[in-house]
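**Student:** here is a sequence together with a model predicted from it:
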Amino acid sequence: MAAKRWVDEPHTAKGYQSDYDLLIIVNDKRLTDRVTYWAKLEARLYAEQTITKAIRTPINFIIQTLKEVNAGLAWPLFLKGRRQGRHRALRKR
């Protein structure tokens, strides 16, 4: 929802629809390998959206380590979330 408003226009020429971007934070760099660790989740989400229609809104996920997230807090993706209060400060527990 980067545009600050929800968009659902399947009837237009572009057919644009807002989506969800989920940030998955892992504690080991090896777990960021999409093919090895996340392909089943990706396939399941795709099937739930296209086949069963259980999910109407597209879901994308970003997999990063806590170190990468902390280093990237100045990136636009994270800045927007911070400004909008979408996440609390990230800290190791």
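**Tutor:** Structure received. None of these values were measured; they are calculated from a predicted model. Numbering: from 1, shown residues only.
**Student:** shaky segments in the chain?
**Tutor:** 1-6, 10-11, 77-93 (pLDDT under 70).
**Student:** show me where the chain has strands.
**Tutor:** Counting by DSSP state E, the chain has these strands, from start to end: 20-26, 59-65.
**Student:** so can I have CSV of these showing distance to residue 76 and mean neighbour count?
**Tutor:** All C-beta atoms are positioned from the backbone trio N, CA, C, and that covers glycine. Shown next, in CSV, are the strands of the chain (distance: least, Cβ to Cβ, whole Å; neighbours: other Cβ atoms under 10 Å):
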stretch, distance to residue 76, mean neighbour count
strand 20-26, 12, 14
strand 59-65, 13, 15
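**Student:** how about those in a markdown table, adding distance to residue 45?
**Tutor:** As requested, the strands of the chain are exported to a markdown table (distance: least, Cβ to Cβ, whole Å):
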| stretch | distance to residue 45 |
| --- | --- |
| strand 20-26 | 10 |
| strand 59-65 | 5 |
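**Student:** so which of the ones you listed is nearest residue 36?
**Tutor:** Of all the strands of the chain, it is strand 59-65 that lies closest to residue 36, at 11.1 Å by Cβ to Cβ.
**Student:** nearest to residue 44, out of the strands of the chain?
**Tutor:** Nearest to residue 44 among the strands of the chain is strand 59-65; the distance by Cβ to Cβ comes to 10.3 Å.
**Student:** who does that closest one touch, helix- and strand-wise?
**Tutor:** With contacts taken as 3 or more Cβ pairs under 8 Å, 6 or more residues apart in numbering; DSSP states H and E, strand 59-65 sits against strand 20-26, helix 39-50.
**Student:** surely residue 56 meets residue 49?
**Tutor:** Yes: counting by Cβ atoms under 8 Å, residue 49 is a contact partner of residue 56 at 7.4 Å.
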